[in-house]
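**Student:** Give the three-dimensional model of this entry:
(2 chains)
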Amino acid sequence: MDAPTIFDLLDRLAFLRGMPTVIILLGAAFIAVVAWDMRIAVPALLVQYLFAGLLFVDVLDPRLAVVYTLVGLFVSAILFITAWQVNWGRPPSGLTREEAARLDLAPPRSFGRLAVSNRALVRLILSAAALVAIWVWTGAGSVLQNVIPAELTYLIPAIAGLAAVGLVGLASSAEPLPAGIGLLLFLTGFALYFGFLDQSLAMTVALAGSQLIVAMAVAYLAQARYLPADILD
Amino acid sequence: MDTGSPLILTLLPLVAAAIALPLRSRRRVTVIIGLVSLGLLTLLLVLASPGAGLFADNSVIAFGRELVLTPFVRSLFLFLYPAMGLFFACTLFFPAGRALVPVGLAILSPLAVALMINPVALGAVFILAAAALTLPVLHGGHFEAAGASWRYVLLVALGMAPLLLTLSAPAGASGSSSWLWPLAALLIWFGGFPFHIWVWGLGRHAPMTALCLALGIGQMIVVVYLLGAVDAVPAARMSVQFQSAVRWSAALTALIAAFQMARAADRRGIIAGLLLLDTGLLVLAALSPGSDGLMIALPSLMGRFLGLMLVTTALAIPPADADSTRAARWNDLLRPGLLIYGCLSLIGMPPTPGFSGRWSQLVVAGQGASPWPVVAIGVALTVGLVALFRVIPILLTQDREGRQIDGPSTQVSTIFLMFLAGLSLLIGLLPGLLPGLAARMLGLS
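**Tutor:** Prediction:
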């Protein structure tokens, strides 16, 4: 049996194209930002990349669009291994009170059996507010309509939503891993928009490459923050 | 694929970094590798002059993209390679991270590509790559520095978006708000208000040698790239909104820096404030298009590099006692002078290397319709100066950073310190030197 080509796969996924993809994509982006356990956040990021690939097909040549999907797979793999190495975003075990204080580890807030940090609550509220605002804003028309063709207007909430949720994610955390996920979401939204302005192979590779660079920087700094030599020696 | 000087400038630093990296535990060996590589690169650049005839062409096609070594870029690197050599030589005598030389060599490659590649927009990704490469030296094993380094990379990555929108024709030409994208790109990458957080964090927590590399030499290329990129939208750049926003951003950054310096209780707080002040005022170079902007930016950045070098070396000098060698006692004697002179240079006081750049910034700031930004900058500089003199005892008496200097090198280190001090003093006493050098780079004289 022959392996399916990109075009065969796109035909099989035709039922998802358009608005269903946008809804799943934004849902995954929302979960990637608000989930404080990286075992949920990183797979959500992967889902976001896979569905973003379906949207890139509407903007770029499918053979170029698949570059973003492949990069998304690599980025997710890098972040998954990193998250594993930093105990899925939980603090190192056996910390003294002084070490925990220097590592900026605030005690979580309890809601029954659920323990949530203040920062996670802020991310949840701001991400939800950003998505609602984007939905209302794009419903009323937006400046993106100057660039995006009328038949592809369903991409507007995807672009604006990824950018907004990404900005919330990167601005509401000082930790490289959760903030890095926010930055990667923002860059995906930006690449989707920029695809209408520059469809060259070089720019596609450059923007995809920038995501890989960010992922590696996140991986390096997440580990540096998790086991800092000057505190835990 | 063709061969030519741009390819050598791209590949040779990477090869040298790859050789130096496994040897990083042997500091002297890596420094020698660095110095030899930079000497070779400088020699190749000299031979790459249009009339020399060593290379058939100063352009090359790699992976379908053209890399062009323009006369200005060639002149810039003819300054940067020796400057990097001076910096590496400094690490031979004074403590520095083991990864400093390999990282310093490695970042030269993407930074060179960023200035040479066509189309210009692709250079932004190479700037991001260079920023990511500096992370091992910026974070240096410290918890707080890792957070500050993350903010640096985060904002470099974020700044790519407005920059690419500036350089893309439809967005760059869209009506009355077209000045917003170049403004955002400039303020994020220059570290102007409200995107100044990365500068403060790095100044506060990153090792001093890493600051010399990233905000001294590295930032010089970033600024040249960015000023060249926003020249693509001359109308937006000359709009009243853009000009006012740049002036106010510089003034507010300077005021924040002065406020931080006034409340700083330790040495790194003062240095971070000085760096923020210098970085904030550099934004003013964006007010003048083309070579006029570079004539403001280049002397300012050269002054910053020398100021940072003075402060870094001064802080690395160990205290001398009765048992110390004569050279160590000489070094200890030089330390307060170097430290204070370096700090004054970062403020831009005469007669220091930072003065010529600061003066040209103040002149261009004063050409606006409103006098208030200039007044605010004047207040900030005065407060900064007072704050500096207030904490001089702290600057001079706190524990020094780093390890002790190796014994045999102390006499050479004294000669090196005297050379650095003499060079800085000469540049400070002759304020036309750095603008003259910048003019020669730009082919204006």
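**Student:** May I ask which helix or strand encompasses residue A:183?
**Tutor:** helix A:176-194 (DSSP states H and E).
**Student:** what stretches of chain B score poorly on pLDDT?
**Tutor:** Within chain B, the stretches with pLDDT under 70 are B:1-3, B:50-57, B:169-176, B:398-410.
**Student:** distance between the helix holding residue A:183 and the chain's centre?
**Tutor:** 5 Å (CA atoms, centre = their mean, to the nearest Å).
**Student:** Quick check: closest non-adjacent residue to the spatially most central residue of chain A.
**Tutor:** In chain A, the C-alpha nearest the mean C-alpha coordinate belongs to residue A:185, at 3.3 Å (CA atoms, centre = their mean). Computed as CB to CB, 6 or more residues apart in numbering or on different chains, the closest residue to residue A:185 that is not its neighbour in sequence is residue A:166, at 3.5 Å. (Glycine included, C-beta is placed from N, CA and C.)
**Student:** Could you do residue A:30 as well?
**Tutor:** Residue nearest to residue A:30 in three dimensions, not counting chain neighbours: residue A:127, with 5.6 Å by CB to CB, 6+ apart.
**Student:** Also residue B:184?
**Tutor:** Residue B:184's closest residue in space is residue B:162 (CB to CB, 6+ apart), at 3.8 Å.
**Student:** The residue nearest to residue A:30 touches residue A:167, doesn't it?
**Tutor:** No. The pair residue A:127 and residue A:167 does not pass the contact test of CB atoms under 8 Å, sitting 10.0 Å apart.
**Student:** Neighbour count for those two, which is higher?
**Tutor:** residue A:127 (25 against 20; other CB atoms under 10 Å in any protein chain shown).
**Student:** any idea how far chain A is from residue B:329?
**Tutor:** Here the criterion is CB to the nearest CB, to the nearest Å. By it, residue B:329 lies 31 Å from chain A.
**Student:** residues in contact with that residue?
**Tutor:** residue B:320 (CB atoms under 8 Å, 6 or more residues apart in numbering or on different chains).
**Student:** and the helix or strand containing it, C-alpha only, in CSV?
**Tutor:** Assessed by DSSP H and E, residue B:329 sits inside helix B:326-347. Presented in CSV, the C-alpha positions along helix B:326-347 are these (Å, rounded to 0.1, in the frame of the first residue of the first chain):
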residue,chain,number,x,y,z
ARG,B,326,53.6,45.3,43.1
ALA,B,327,51.5,44.8,40.0
ALA,B,328,48.5,43.8,42.1
ARG,B,329,48.9,47.0,44.2
TRP,B,330,49.1,49.0,41.0
ASN,B,331,45.9,47.4,39.8
ASP,B,332,44.2,48.1,43.0
LEU,B,333,45.3,51.7,42.7
LEU,B,334,43.8,52.0,39.2
ARG,B,335,40.5,50.4,40.2
PRO,B,336,38.6,53.4,41.6
GLY,B,337,39.6,55.6,38.7
LEU,B,338,38.6,53.0,36.1
LEU,B,339,35.3,52.3,37.8
ILE,B,340,34.2,55.9,38.2
TYR,B,341,35.4,56.9,34.8
GLY,B,342,33.5,54.0,33.2
CYS,B,343,30.3,55.0,35.1
LEU,B,344,30.7,58.6,34.0
SER,B,345,31.2,57.4,30.5
LEU,B,346,27.9,55.5,30.6
ILE,B,347,26.2,58.7,31.8
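**Student:** still on that earlier bit, so the residue nearest to residue B:184 sits right up against residue B:185, yeah?
**Tutor:** Yes. Between residue B:162 and residue B:185 a contact is recorded at 4.2 Å, counting by CB under 8 Å.
**Student:** Mind jotting down where the strands sit in the chain?
**Tutor:** With no chain named, the answer covers chain A. A:109-111, A:114-116 (DSSP state E).
**Student:** actually it's chain B I care about, not the one you picked
**Tutor:** B:59-62, B:65-68, B:117-118.
**Student:** From the contact counts, what lies against the last one?
**Tutor:** Think strand B:117-118. Other helices and strands packing on strand B:117-118, by 3 or more CB pairs under 8 Å, 6 or more residues apart in numbering or on different chains; DSSP states H and E, are strand B:65-68.
**Student:** From the contact counts, what lies against the strand it packs on?
**Tutor:** helix B:5-20, strand B:59-62, helix B:100-116, strand B:117-118.
**Student:** Could you tell me the angle between the longest one and helix B:5-20?
**Tutor:** This points to helix B:100-116. Put simply, helix B:100-116 runs at 160 degrees to helix B:5-20, going by axes from the mean of the first three to the mean of the last three CA atoms, to 10 degrees.
**Student:** wait, does helix B:100-116 make contact with chain A?
**Tutor:** No. Judged by CB under 8 Å from any CB of the partner chain, helix B:100-116 makes no contact with chain A; its nearest approach is 9.9 Å.
**Student:** helices or strands up against that helix?
**Tutor:** helix B:5-20, helix B:27-47, strand B:65-68, helix B:71-93, helix B:123-133, helix B:135-139, helix B:219-230.
**Student:** Show me what the helix holding residue A:183 is packed up against.
**Tutor:** Going by 3+ CB pairs under 8 Å, 6+ apart, helix A:176-194 lies up against helix A:19-34, helix A:38-59, helix A:62-85, helix A:155-171, helix A:201-226, helix B:143-167.
**Student:** tell me the angle the shortest one makes with helix A:38-59.
**Tutor:** Angular relation of helix A:19-34 and helix A:38-59 on a 0 to 180 degree scale: 150 degrees, by the same axes, to 10 degrees.
**Student:** Restrict helix A:19-34 to CA atoms and write it as PDB.
**Tutor:** What follows is helix A:19-34, C-alpha atoms only, in PDB (Å, rounded to 0.1, in the frame of the first residue of the first chain):
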ATOM      1  CA  MET A  19     -14.400  27.100  11.100                       C
ATOM      2  CA  PRO A  20     -14.200  23.700  12.900                       C
ATOM      3  CA  THR A  21     -10.500  23.900  12.700                       C
ATOM      4  CA  VAL A  22     -10.500  27.400  14.100                       C
ATOM      5  CA  ILE A  23     -12.600  26.400  17.100                       C
ATOM      6  CA  ILE A  24     -10.500  23.400  17.900                       C
ATOM      7  CA  LEU A  25      -7.300  25.400  17.400                       C
ATOM      8  CA  LEU A  26      -8.400  28.200  19.800                       C
ATOM      9  CA  GLY A  27      -9.600  25.600  22.300                       C
ATOM     10  CA  ALA A  28      -6.200  23.900  22.200                       C
ATOM     11  CA  ALA A  29      -4.400  27.300  22.500                       C
ATOM     12  CA  PHE A  30      -6.600  28.200  25.500                       C
ATOM     13  CA  ILE A  31      -5.800  24.900  27.300                       C
ATOM     14  CA  ALA A  32      -2.100  25.300  26.500                       C
ATOM     15  CA  VAL A  33      -2.000  28.700  28.200                       C
ATOM     16  CA  VAL A  34      -4.200  28.000  31.200                       C
END
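**Student:** Can you pull out the low-pLDDT segments for chain A?
**Tutor:** A:1, A:94-95, A:101-108, A:112-113, A:115, A:139-143, A:228-233.
**Student:** what does it have sitting close to chain B?
**Tutor:** A:102-103, A:146-147, A:170, A:174, A:176, A:179-180, A:183, A:186-187, A:190, A:194, A:197-198, A:201-203, A:206-207, A:209-210, A:213-214, A:216-218, A:220-221, A:224-225, A:228-231.
**Student:** Turn the helices and strands packed on helix B:100-116 into CSV, including mean neighbour count and distance to residue A:41.
**Tutor:** Formatted as CSV, these follow (neighbours: other CB atoms under 10 Å in any protein chain shown; distance: least, CB to CB, whole Å):
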stretch, mean neighbour count, distance to residue A:41
helix B:5-20, 20, 34
helix B:27-47, 18, 39
strand B:65-68, 17, 36
helix B:71-93, 21, 40
helix B:123-133, 25, 22
helix B:135-139, 26, 22
helix B:219-230, 23, 32
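**Student:** Can you add distance to residue B:394 and give those back as CSV?
**Tutor:** As requested, the helices and strands packed on helix B:100-116 are exported to CSV (distance: least, CB to CB, whole Å):
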stretch, distance to residue B:394
helix B:5-20, 37
helix B:27-47, 30
strand B:65-68, 48
helix B:71-93, 24
helix B:123-133, 32
helix B:135-139, 25
helix B:219-230, 27
